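Participant: coordinates only, sequence not included:
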């Protein structure tokens, strides 16, 4: 429904159902108070985003008399810049909540209370990438709100730096990967905010594979160590888990954007778009993205 619907009402319904699914999956171990709290937190934060999208859809209907993609895109030129900016900001609220970007990001690390395969499902290919998809899908509307696009880039820059550096000091293996997810989604936000929508979707696609690989590899490590998630109690596992070591090395290299792995192509596409933009916003995105990429490579090593 979220992906294939042709109008925003059905997208909103799918949007809410994805949030409900995440609530149920994060709270899978309902006997654990921490899992229940994490599920509630994710639900509330995403409900804020749902309200933003609902109000945005309502305003678009009032202004344009339609909620279909084709109708909105063909009539968007009738909107004043103020109307377009308000509508895009409201849609952005939903995207920020669903994709765990500043300032609605706090639910993401706590979502690690769910089983590891659920973490792979939520963080790699489904829920957190929905915000990037929404902005890219609504790009003809965002074309009329350039200030919102600049805001998206700045939020992405702040998110990729903050989440990346926080990941460096985490000790829980799943929380490390969770903050890495936030950083990678921020890269996608930078891409779509620069109007290079294809780069954000390209990185969304490649990220799904190597992030799922890392989460499932982490699950194997946790299982082999009888539930241990503190990386300070790990090390020297290459001999015991050679296959897991190999696949997680591939995932780490792809995450770091090392050529010829997939992340190298998609991440460099975003950096290239920032460099080609030529504006101050583009240079900020390029410098921040390049700095974060080099830091991640060192941390992965």
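Facilitator: Nice, thanks for sending it over. The structure displayed is predicted, hence computed values, not measured ones.

Participant: so where is the chain shaky, pLDDT-wise?
Facilitator: Residues of the chain meeting the criterion pLDDT under 70: 123-126, 291-301.

Participant: what strand or helix carries the residue nearest the centre of it?
Facilitator: Nearest to the mean C-alpha position of the chain, by Cα atoms, centre = their mean, lies residue 185 at 3.2 Å. Element membership for residue 185 (DSSP states H and E) is helix 173-193.

Participant: identify the residue spatially nearest to residue 43, adjacent ones excluded.
Facilitator: Using Cβ to Cβ, 6 or more residues apart in numbering and skipping residues adjacent in sequence, the residue nearest residue 43 is residue 23, 4.3 Å away. Heads up, the C-betas are built off the backbone N, CA and C, glycines and all.

Participant: next up, the contacts around the residue nearest to the centre of the chain.
Facilitator: Neighbouring residues of residue 185 by Cβ atoms under 8 Å, 6 or more residues apart in numbering: 99, 100, 101, 128, 129, 131, 132, 159.

Participant: ok, back up a step: contact partners for the residue nearest to residue 43?
Facilitator: The neighbours of residue 23, taking Cβ under 8 Å, 6+ apart as the test, are 39, 40, 42, 43, 46.

Participant: how about a cut-off of 6 Å?
Facilitator: Contact analysis of residue 23 by Cβ atoms under 6 Å, 6 or more residues apart in numbering lists 39, 42, 43.

Participant: make TSV out of the residues you listed and add secondary structure.
Facilitator: Below are those laid out as TSV (DSSP: H, G, I helix; E, B strand; the rest coil):
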residue	secondary structure
39	helix
42	helix
43	helix
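
Participant: closest one of those to residue 57?
Facilitator: Among those, residue 43 lies closest to residue 57 (Cβ to Cβ), at 20.5 Å.

Participant: the closest one: neighbouring residues, count only.
Facilitator: Residue 43: 18 surrounding residues under other Cβ atoms under 10 Å.

Participant: returning to that earlier point: want to throw the contacts of residue 23 into JSON lines with distance to residue 267?
Facilitator: Listed next are those as JSON lines, based on distance: Cβ to Cβ, whole Å:
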{"residue": "39", "distance to residue 267": "32"}
{"residue": "42", "distance to residue 267": "27"}
{"residue": "43", "distance to residue 267": "32"}
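
Participant: for residue 230, which non-adjacent residue is closest in space?
Facilitator: Nearest to residue 230 is residue 171, by Cβ to Cβ, 6+ apart, at 5.3 Å.

Participant: which outside residues touch stretch 6-18?
Facilitator: Identification of contacts with stretch 6-18 by Cβ under 6 Å, 6+ apart yields 1, 2, 5, 50, 53, 57, 67, 68, 69, 127.

Participant: mind picking the two most distant members of these?
Facilitator: Between any two of the contacts of stretch 6-18, the greatest separation by Cβ to Cβ is 24.6 Å, found for 68 and 127.

Participant: quick one, helices of the stretch 51-200 of the chain?
Facilitator: 69-75, 81-98, 107-110, 116-120, 130-137, 139-142, 146-168, 173-193, 197-224 (DSSP state H, counting those that start in this stretch).

Participant: any chance of the ones you listed in CSV, plus distance to residue 278?
Facilitator: Compiled in CSV, the helices of the stretch 51-200 of the chain are given as follows (distance: least, Cβ to Cβ, whole Å):
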stretch, distance to residue 278
helix 69-75, 27
helix 81-98, 22
helix 107-110, 33
helix 116-120, 38
helix 130-137, 22
helix 139-142, 19
helix 146-168, 13
helix 173-193, 15
helix 197-224, 16
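
Participant: circling back to that earlier point, which one of the contacts of residue 185 is nearest residue 118?
Facilitator: Once Cβ to Cβ is applied, the member of these that ends up nearest residue 118 is residue 128, at 12.6 Å.

Participant: wait, what's in contact with the closest one?
Facilitator: With contact taken as Cβ under 6 Å, 6+ apart, residue 128 is in contact with 99, 100, 185.

Participant: residue 139: which of those is nearest?
Facilitator: Of all the contacts of residue 128, residue 139 sits closest to residue 99, with 16.0 Å by Cβ to Cβ.

Participant: neighbours around that closest one, how many?
Facilitator: By the other Cβ under 10 Å criterion, the neighbourhood of residue 99 contains 28 residues.
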